[in-house]
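K.L.:
Sequence first, predicted model second:
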Amino acid sequence: MVKKDDEISISSETKGPVKSFGALMGEGEKFSRDKLYTKAVQCYTEALDLLPPDDDKSSPKDTNDRLQGLVARSACYLKIGKNDLALQDAEESLKRNKEYSKGLYQKAEALYATGEFELALMFYHRGKKLRGDLKEFQLGINKAQEAIDNSVGDPNRVKLEASGDLSYFYKNDEKKKQPVGYIRPSQKKETTIQRKPRQTVSNPKTTKQLLGDLYADRAYLESLINDNTVTKQNTKSGDAIYQLASDGLDYLDSRTDFWRQQQPLYARPKMVKRQGGDDEPLKHIRRELEAIDDLQNMDQFRDAQRRAHKLQEYSERLDERKYTEKWSVLADVQSRLGNAYLELGDYAKSLDHHNKDLKLSETRGFEDRQSRALDNLGRVYARSGQFAQAIQVWERKIPLATSPLEKAWLFHEIGQCHFGLGDYERSQAYGNRSFTEAVEVSDPVWQLNAKVLVAHSQTKLRQYREAEKTFDEALVLAKDQKVKTSPNDVAAERAIERAVKEVKEKIAKGAADSVPDREEITYEIKVKSNDNIAYENEDGLVKLSIYGDNGSSGQIELRNENEEAIKFNHSKTETIKKKASDAGKITKVTLTCANIQSWWLDSIEIHDLKRKSKHKFPFNQNIDSATPHTIDLFQEGTIVSPAVVVRGPNAEKRKTPASKDQPNGKKSDVSSVPPSSRISDSKDKKKDDRATKPGDKTSDKPSDKTSDKTSDKTSDKPSDKTSDKTSEKTSDKNKKQPSVEKNVEYVIKVETGKVQLAGTDAKVSLIIIGEKGSTDKINLETSETNKNPFEKGSKDVFRFQLPDVGEIKKINLSQDGENALSGWFCTSVSITVTSAPPKRYFFPVDRWLSQTDGDKLTSFELLPNQRPNETEKVIEYEISVQTGNERSSGTDANVFLSLYGDKNNILKHQLKKPESDKDPFEKGQKDEFYFTDIDIGKLKKINIQHDGTSTGSGWYLDNISVKLPARNETYNFPVDRWLDESEGDKRISLDLEPNKKPTNKVEEPKPEKSGIEYKITVKTGDKTGAGTDANVYISLYGDEAKVERLQLRESVDKKLDLFKSGSKDEFQFNELDVSKIKNIRIEHDGTGIGAGWYLDWIEVCIVPRNETYKFPVDRWLDTGEGDRLLALDLQPDKRPGQQKDDVDEKKDDDEAKVE
């Protein structure tokens, strides 16, 4: 298999990293190529440490290796700004060989970086004198001379004025210059300026990308030179104009070469461009983007991630009407976040941010950023070993690649992924394509990489003679690379030599002429069709190839027992058993289709009888003469959803199979088709024939029997999307309902979520379905609360006079999905019928209505107090908090409420933003909060507390009321006391029972319960960023007493850094004996940089009784992860759940029981 995010190993001699000089140098080069310069320095340092320290004992090879290592490390030091160390390494290399050209170049570069331009110029000239064939020295001379001119001025532009009597100096010269006698015309010197022929630009597109805005100047100068009327030869003005234009072209050409060398096009970041003049927000954004790039270049990915999140929040607040760059900036920030998470090893978050970058780029038409996002997504997939996904993403990027250099890189990476899946024929083909592009742009590095990929593929295909020839060509390229500055040229050359030796040994043993020694095994192949296959002629045939970690099974012809091409029939599964070479663990299959007029293929399932494993490869598309000859099919679960595109001239003609052909009534999943071979139909994307289930059933949907009867009539038409179908059927149903004369007022409140890109510009509509009938489609257009409805975090109110439908049973919520960025994350919908008595219905959503996110649905059937697709009931809670009128009774601390019922508990819900949008908990103020959560049943008690943060956090609380509108229940909790660490009993946490006022006294501990020793051990998870700098507290709750908010501040071993990733910290306390421990609470205050904490487990030991209680945790306490809680109530030997995942976990458990 291919190593993740790495080059293919040239030699198969070793399977793991070898701690040798060559291996470390190769690893360092890889890190350097990936811009991980700090890690590269470490590799180069380890490599140098392996060499003999004494020069007298060093062989010539050791000396050469040391020079290579010093120069490579010097180059990396320059990249991370350690110019002094870079200069030191370069000078060390020159001590051993004063004429070492790479050392001279590196010293010149280091001097240039430190601002010593004159000294740098001297060493550039020395290098050019030694190696005039290397253009790098000439480029260095140019940039050093330019820097000197910019610093002190060009001497050619300095004019000396003659003042005073200077006749003494020039009179004698004038006499010498006087002509003697008659001068014939033939004696006059020719003043004709010789004009050198200029070369045309080899690749105008690449040059245009490199020069940017300067390309227009170059084109103008070139046209000027070619205009003979302006630059007429042997005329004073014509020669002067020609010379100036020629100098300008020479300068721009040297800049082009310099920029091509410094940073290739495919690696260059896309900068934010402002159409008008810059103002302060745009300048701030530019500075922040550059700072984030600098942090990533210095391997400070955690800091880069945090800074990018802050920039994201800043950019989201920009007014799109004033700052048209808003969306391009957000796309750039998402890209940087994805790169940061990739380097931190969080592939899931990296994919999430790069997908958001792609979504923004596609919807806003940013083609260059779309190409970048696809590039980054492929890198994440490849690095995480998901080669099938990487291929699909990178193949979507191929049409967007603009330069041969970019294509050379892209084809090489796709080839590597095919190699990793065992498809060596395809990796060889892509290697050849990469080589062709690299030759066009004259890039020797990618020529070498492509040749190595091809040779390695040929070796796997047992084409040893071809591999020997290809490796020889690669060896020539590697030797040519010795003149370059790359530090690993010698190592590459040696590795290729070893590979050539291995291939020659294989040929000598006769392996090139022998059949592969692989056993044949039996594969059971199930092919499911949604239509009859139509062959164009008698030669029509389908061939299948299976790929795995052993390579290919060879082509399997799908013929029946009579050796005839199988006639795949409508809605039938054909089962074929065939013997073929053992491909190993299956990774993908390919279909080769010859002379097929039309065939709708649903899926192929391969049963490996040897390993007893099954692999399903969905396709769900039509195959015809316009389909590529060879089609890749990837396994279920590895499909990347593409953009909705209709490809090919015949796309509209292809029919969708009848809905009855879909198993269990599920929709045809267009996203399950690999983009390399898919011909999508936008209508298929919108089709939805989902099975009826609780909370997700479609209104007026016919029964299965009715569906079967009617499916034949509609088999030639793709289904409409759910929202349109539902509304039309509902509208038809309305005609049958008895007329409803009475109109009532409906107040509809819609809350949009606060997740990234939650808002929408789409048209949102609603249908209310009640016991008396249903309304027509209600378009939610004019909000009473916001000019632009459905923005991120907004609450929109709509008021309508509509026919009375009676008790509301359900609603249908949908959006048309036609506008840019139409995806919408809806939190909830509530409907209040204002007629007496008023009644309120609440519909939790917490879902995307989007064609690209979540369930990829744009319409939902919603039941009161029940999330879609979930059976566990959720309800709305209305909390009213009255702060007292005492002096300084308000608080700025964070306030939390816990609810305890007879069915469930809701723990530490933060009362953050009241309905009034005012600052909460001010003196004499009444604040109301609304939220939805699981139904806890009958409310038994509550806990109100604050965290004591901020100055003057003391709070005088008057009363609290909790209302459950779903059951029309209200619970009142009188308080009338301080929650203050410096007032009364100094408590900031209270347990309250309905209609019962708490006391101001802490219960006196029983005499026999004196202080007792506790030993508390806390294990932080071994994850990236798992540690925390926040203040951590623990509370113990026992049978007879409790100990609250003990700060875990000083460990037994007195170490300063507590709660670091993977650490185990022990604490000892002498506190009140709580008897047998029932549960504990662990929490932190969220302060400090990187406050998020991944807690593994806690152990509490009561030392005198030798009682030990273990509390498994294994989850985040972080406002940016999971359910965002900072406090947990834990029970012994019971792992806590995360509130938002409780329903999903319960569902998984139920499914497991069924299985």
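P.N.:
That came through, no problem. Residues are numbered from 1 along each chain as shown.
K.L.:
which residues sit in contact with the closest residue in space to residue 1121 that isn't next to it in sequence?
P.N.:
Closest residue to residue 1121 apart from its sequence neighbours, by C-beta to C-beta, 6 or more residues apart in numbering: residue 1092 at 6.2 Å. Quick note: C-beta positions are derived from backbone N, CA and C, even for glycine. If a contact means C-beta atoms under 8 Å, 6 or more residues apart in numbering, then residue 1092 has 1025, 1028, 1116, 1117, 1118, 1119, 1120, 1121 as its contacts.
K.L.:
which residues in the stretch 1051-1155 of the chain form strands?
P.N.:
Assigned by DSSP state E, counting those that start in this stretch, the strands in the stretch 1051-1155 of the chain fall at 1064-1072, 1077-1084, 1093-1102, 1107-1117, 1127-1130.
K.L.:
The shortest one packs against which elements?
P.N.:
When you say that, I think you mean strand 1127-1130. strand 905-910, strand 1077-1084, strand 1107-1117 (3 or more C-beta pairs under 8 Å, 6 or more residues apart in numbering; DSSP states H and E).
K.L.:
Residue 361: which of the ones you listed is closest?
P.N.:
Nearest of the helices and strands packed on strand 1127-1130 to residue 361, taken as C-beta to C-beta: strand 1107-1117 at 30.4 Å.
K.L.:
could you give the angle of the closest one to strand 1077-1084?
P.N.:
Using axes from the mean of the first three to the mean of the last three C-alpha atoms, to 10 degrees, the direction of strand 1107-1117 lies 30 degrees away from that of strand 1077-1084.
K.L.:
Going forward, the N-terminal residue is numbered 867.
P.N.:
Yep, numbering from 867; the last one is strand 1973-1983 now.
K.L.:
Outside of whichever strand or helix holds residue 959 itself, which residues are in contact with it?
P.N.:
Under the criterion of DSSP states H and E, residue 959 resides in helix 949-962. Under the contact criterion C-beta under 8 Å, 6+ apart, helix 949-962 has outside partners 921, 929, 932-933, 936-937, 939-941, 943-944, 966, 968-970, 972-973, 975-977, 979-980.
K.L.:
Over to stretch 1194-1206?
P.N.:
So stretch 1194-1206 is contacted by 1136, 1138, 1151, 1155, 1158-1159, 1162, 1167-1168, 1170-1171, 1174-1175, 1177-1178, 1181-1182, 1184, 1215-1220, 1222-1223, 1226-1227, 1230, 1232, 1235, 1238-1239, 1242, 1246 (C-beta under 8 Å, 6+ apart).
K.L.:
Need the CA coordinates for it. PDB is fine.
P.N.:
Taking Å, rounded to 0.1, in the frame of the first residue of the first chain, the C-alpha atoms of stretch 1194-1206 are listed here in PDB:
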ATOM      1  CA  SER A1194     -14.100  35.200  -0.900                       C
ATOM      2  CA  VAL A1195     -12.500  36.100   2.400                       C
ATOM      3  CA  LEU A1196     -14.700  33.500   4.200                       C
ATOM      4  CA  ALA A1197     -13.600  30.900   1.700                       C
ATOM      5  CA  ASP A1198     -10.000  31.700   2.200                       C
ATOM      6  CA  VAL A1199     -10.400  31.500   6.000                       C
ATOM      7  CA  GLN A1200     -12.100  28.100   5.700                       C
ATOM      8  CA  SER A1201      -9.200  26.900   3.600                       C
ATOM      9  CA  ARG A1202      -6.700  27.900   6.200                       C
ATOM     10  CA  LEU A1203      -8.800  26.300   9.000                       C
ATOM     11  CA  GLY A1204      -8.900  23.100   7.000                       C
ATOM     12  CA  ASN A1205      -5.100  23.100   6.500                       C
ATOM     13  CA  ALA A1206      -4.500  23.800  10.200                       C
END
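K.L.:
sorry, back to before: among the contacts of residue 1958, which one lies nearest to residue 1700?
P.N.:
Nearest member of those to residue 1700, counting by C-beta to C-beta, is residue 1985, at 37.9 Å.
K.L.:
Please work out how many residues are found near that closest one.
P.N.:
Neighbourhood size, residue 1985 [other C-beta atoms under 10 Å]: 14.
K.L.:
List the buried residues for stretch 1986-1993?
P.N.:
Using 16 or more other C-beta atoms under 10 Å as the test for burial, stretch 1986-1993 gives 1987, 1989, 1991, 1992, 1993.
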